[in-house]
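> no sequence on this one, just coordinates:
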């Protein structure tokens, strides 16, 4: 049974600070890793994907992957109140689009003005 | 990314009835997926829908309860059959592996189902 673990939070971060979200996964065969943002009452929105060890940066977002430790993280720099949402970590075995995703329960992030 | 629509956006249904949810994509995609998000929970994969073949169901989900159709590369339906209040959830379709090299998965807006 594949498992993806996240701290459910809430994680409270002051505006302008760095928010750090973490995720661990159980299946060593996992190849693709994703972070989705979900606002209340909305569907998940893909914000980052990462496939190889190391860091991947996109604007204020940085995803970090360590396959040896089975650990994925998301850093949000210069946090804004609009970043307040639930962040879902998801993994799968294949090239991302060809296989269903296993989701963590999500971390509720609150950015305090 | 693909533009995905779902119908209906929400519905309230009586127990014992069935509801068919439609998912339409604006471009051809290889893979379509159906997920369920129960209140306050994360997403759980129900099944993978490939065009021209039977859907592949995850453990705990069966075709009799959740029949799926995938008649072409831009459309799929999920039926929730013989509903009970436990079926009250948000049902989401996602797409991936498309002709444009979609490596990620993108979600539709979801269908909020309430069973009374």
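On my side now, so go ahead. Since we're looking at a predicted model, the values are computed, not measured. Residues are numbered from 1 along each chain as shown, chains lettered A, B, ... in the order given.
> please make it C-alpha for all contacts and neighbour counts, starting now.
Will do.
> residues of chain B that sit close to chain A?
Applying Cα under 8 Å from any Cα of the partner chain, we find that chain B lies next to chain A at B:30-31, B:33, B:41-45, B:47-48, B:92, B:95-98, B:102-110.
> for ChimeraX, what selects the buried ones among these?
To isolate the buried members of the residues of chain B next to chain A in ChimeraX, using 16 or more other Cα atoms under 10 Å in any protein chain shown:
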select /B:30,31,33,42,43,44,45,47,48,92,95,96,97,98,102,103,104,105,106,107,108,109,110
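> and the spatially most central residue of chain B, bridged to which residues?
By Cα atoms, centre = their mean, chain B has its centre lying nearest to residue B:34, at 3.3 Å. Here residue B:34 sits in beta bridges with residue B:47, residue B:93, going by DSSP bridges.
> isn't it up against residue B:95?
No. Residue B:34 is beyond contact range of residue B:95, at 9.0 Å (criterion: Cα atoms under 8 Å).
> return the residues in contact with the nearest residue to residue A:26 once chain neighbours are set aside.
Nearest non-adjacent residue to residue A:26, counting by Cα to Cα, 6 or more residues apart in numbering or on different chains: residue A:3, 5.3 Å away. By Cα atoms under 8 Å, 6 or more residues apart in numbering or on different chains, the contact list for residue A:3 reads A:25, A:26, A:27, A:102, A:103, A:104.
> so what's the residue count around residue B:61?
14 (other Cα atoms under 10 Å in any protein chain shown).
> shouldn't residue B:86 be within a helix?
Yes. Assessed by DSSP: H, G, I helix; E, B strand; the rest coil, residue B:86 belongs to a helix.
> one step back: weed out the non-buried ones from the contacts of residue A:3.
A:25, A:102, A:103, A:104.
> out of the residues you listed, who's nearest residue B:55?
Nearest to residue B:55 among the buried ones among the contacts of residue A:3: residue A:102, at 17.7 Å, using Cα to Cα.
> got the contact list for the helix or strand bottoming out on mean pLDDT in chain B?
Ranked by mean pLDDT, DSSP states H and E, the weakest helix or strand in chain B is strand B:89-98, scoring a mean of 86. Applying Cα under 8 Å, 6+ apart, the external contacts of strand B:89-98 come out as A:43, A:96-98, B:2, B:4, B:6, B:23, B:28-39, B:102-114.
> tell me where the model's unsure across chain A.
A:94-98 (pLDDT under 70).
> separation between residue B:90 and residue B:78?
12 Å (Cα to Cα, to the nearest Å).
> do residue B:62 as well
Between residue B:62 and residue B:78 the computed distance is 12 Å (Cα to Cα).
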